[in-house]
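Visitor: coordinates only, sequence not included:
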């Protein structure tokens, strides 16, 4: 079998995309003992599972930069790859070599963010680079059927060009089930000062994550549970984990003005190694996004044995299946009712946990990597 040189562009240090690149590298490294691989990265130390024989090349070329358009094509021509896999859509417009690209979502198309809204040049550049990546690639990897459809509709790409390769769940989240809920809660309270019980969100703070409506829904839960004659009392805090985004200061302002501010905890960034225990400790995980390309946190929470309330839109029903309580993310009453349903019905609560564990087992990184590797092989057979 002929040896080919494959380059993976893994420069982006963003949690979900970096995890995707790490898992591809780890599992393709176990599958492919013939081809030669070079990984472009900002810091090789961020890749703990480096396959034998793979080269990790420190590449200080920023994303969405002029250097990416000018210097990266020169570097790639020097490396002389047979195929380049851009693990995120941003890539050089004028690179003419064989390429495949992963487009994780079209979030910025539907929710362009404050910087793009106020900067027409940035908005134009994003659309230009995204469209160029889509049309210059031999194949496009999408994590869900919903994202595949978005790519076809928005970018005008033929359906046969887009390959759905669902993401996987790391085994560490499933292993969290070996810790009892009470033990996980003790560990989380000791390390992050988060008392139990609590309702959890973890992820980025941005417009499409719908955090303001989540806060509203929590306020409704608190107010109705404390009304005379109501059944039960909600004693759960709301934990909104993740780093506040300065582009969206209104999210923190909404939290600050809540009548229940003292019960809304914002612990900030949670190290990846602590996420399985945090998921495990939560009473309910909420993920009421307005748009998702995949929705990996849903699966991570399910794998850890925590029931999920999540949106009934975009890719989330495709990923979470019937193993979650699905709600309309635009309706704060529906979000509140979904959480209350789980907390107030132990049979539903336990059934949702078991269904979630089973659902998460459908998604394996090894399968993602194998499907990706098979596309490499098919394309390299044309070289």
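Guide: Nice, I can see it. Everything numeric here is computed off the predicted structure, so don't read it as measured data.
Visitor: in this structure, what secondary structure element scores lowest on mean pLDDT?
Guide: Here the helix or strand of the chain ranked lowest by mean pLDDT, DSSP states H and E is helix 113-118, holding a mean of 76.
Visitor: check which residues of the following helix or strand past that one are buried.
Guide: Elements were assigned by DSSP states H and E; along the chain past helix 113-118, the next helix or strand is helix 120-136. Burial within helix 120-136, assessed by neighbour count using 16 or more other C-beta atoms under 10 Å, is assigned to 122-123, 125-127, 129-134, 136. Any C-beta I mention is one placed from the backbone N, CA and C, and that applies to glycine too.
Visitor: looking only at pLDDT, what's the mean for helix 120-136?
Guide: In this model, helix 120-136 has a mean pLDDT of 89.
Visitor: other SSEs contacting it?
Guide: With contacts taken as 3 or more C-beta pairs under 8 Å, 6 or more residues apart in numbering; DSSP states H and E, helix 120-136 sits against strand 99-102, helix 107-110, helix 113-118, helix 145-155.
Visitor: and the contacts of the last one?
Guide: If you take C-beta atoms under 8 Å, 6 or more residues apart in numbering as the criterion, helix 145-155 is touched by 103-106, 109, 130-131, 134-135, 140, 142, 157-159, 162, 164, 293-294, 314-315, 318.
Visitor: going through those, which ones are buried?
Guide: Buried by 16+ other C-beta under 10 Å: 103-106, 109, 130-131, 134, 140, 142, 157, 162, 164, 293-294, 314-315, 318, out of those.
Visitor: any idea how far apart the tips of stretch 154-169 sit?
Guide: End-to-end distance of stretch 154-169: 28 Å, with C-alpha to C-alpha, to the nearest Å as the criterion.
Visitor: and the contacts of the least confident helix or strand of the chain?
Guide: Contacts for helix 113-118 (C-beta under 8 Å, 6+ apart): 108, 122-123, 126, 206-207, 247-248.
Visitor: for those, give me TSV that also has distance to residue 362.
Guide: Shown next, in TSV, are the contacts of helix 113-118 (distance: C-beta to C-beta, whole Å):
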residue	distance to residue 362
108	28
122	38
123	37
126	33
206	28
207	30
247	35
248	33
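Visitor: re the thing from before, among the buried residues of helix 120-136, which one lies nearest to residue 18?
Guide: Comparing those against residue 18 with C-beta to C-beta places residue 133 closest, at 18.5 Å.
Visitor: for the residue nearest to residue 337 when sequence neighbours are not counted, give the beta-bridge partners.
Guide: Nearest non-adjacent residue to residue 337, counting by C-beta to C-beta, 6 or more residues apart in numbering: residue 327, 7.4 Å away. Beta-bridge pairing of residue 327 under DSSP bridges involves residue 311.
Visitor: any idea of the mean pLDDT in the helix or strand hosting residue 250?
Guide: Using DSSP H and E, residue 250 maps to helix 249-256. Helix 249-256 shows a mean pLDDT of 96.
Visitor: mind listing what the helix or strand following it pairs with, with the direction of each?
Guide: Counting by DSSP H and E, the next helix or strand C-terminal to helix 249-256 is strand 264-265. Applying DSSP bridges to the sheet, strand 264-265 is found paired with strand 237-241 (parallel).
Visitor: any idea of the angle the partner strand forms with helix 249-256?
Guide: 160 degrees (axes from the mean of the first three to the mean of the last three C-alpha atoms, to 10 degrees).
Visitor: which elements pack onto the strand or helix carrying residue 334?
Guide: Assigned by DSSP H and E, residue 334 belongs to helix 332-344. Applying 3+ C-beta pairs under 8 Å, 6+ apart, one finds that helix 332-344 contacts helix 211-225, strand 284-287, strand 308-311, strand 325-327, helix 346-360.
Visitor: what about 10 Å?
Guide: Judged by 3 or more C-beta pairs under 10 Å, 6 or more residues apart in numbering; DSSP states H and E, helix 332-344 is in contact with strand 198-202, helix 211-225, strand 284-287, strand 308-311, strand 325-327, helix 346-360.
Visitor: now do the same for the second one: mean pLDDT, whole number.
Guide: Taken as a whole, helix 211-225 has an average pLDDT of 94.
Visitor: can you list the buried residues in that helix?
Guide: So for helix 211-225, counting by 16+ other C-beta under 10 Å, buried means 211-222, 225.
Visitor: mean confidence score for stretch 100-108?
Guide: For stretch 100-108, mean pLDDT rounds to 95.
Visitor: ok, now stretch 81-88?
Guide: Stretch 81-88 comes out at a mean pLDDT of 97.
Visitor: swap in stretch 40-49?
Guide: Averaging pLDDT along stretch 40-49 gives 92.
Visitor: measure it end to end?
Guide: Stretch 40-49 has its terminal residues 15 Å apart, counting by C-alpha to C-alpha.
Visitor: after the helix or strand where residue 76 lies, next one along is what?
Guide: In this assignment (DSSP H and E), residue 76 forms part of helix 66-79. Note on helix 66-79: by DSSP H and E, the next helix or strand toward the C-terminus is strand 83-86.
Visitor: quick one: strands adjacent to that next one?
Guide: For strand 83-86, pairing defined by DSSP bridges yields strand 5-9 (parallel), strand 99-102 (parallel).
Visitor: next, the buried residues of that strand.
Guide: Residues of strand 83-86 classed as buried: 83-86 (neighbour count, 16+ other C-beta under 10 Å).
Visitor: ok, which pair from those is furthest apart?
Guide: Spanning the widest gap among these are 83 and 86, at 10.7 Å by C-beta to C-beta.
Visitor: hey, what's in contact with both of these two?
Guide: 7-8, 99-100 (C-beta atoms under 10 Å, 6 or more residues apart in numbering).
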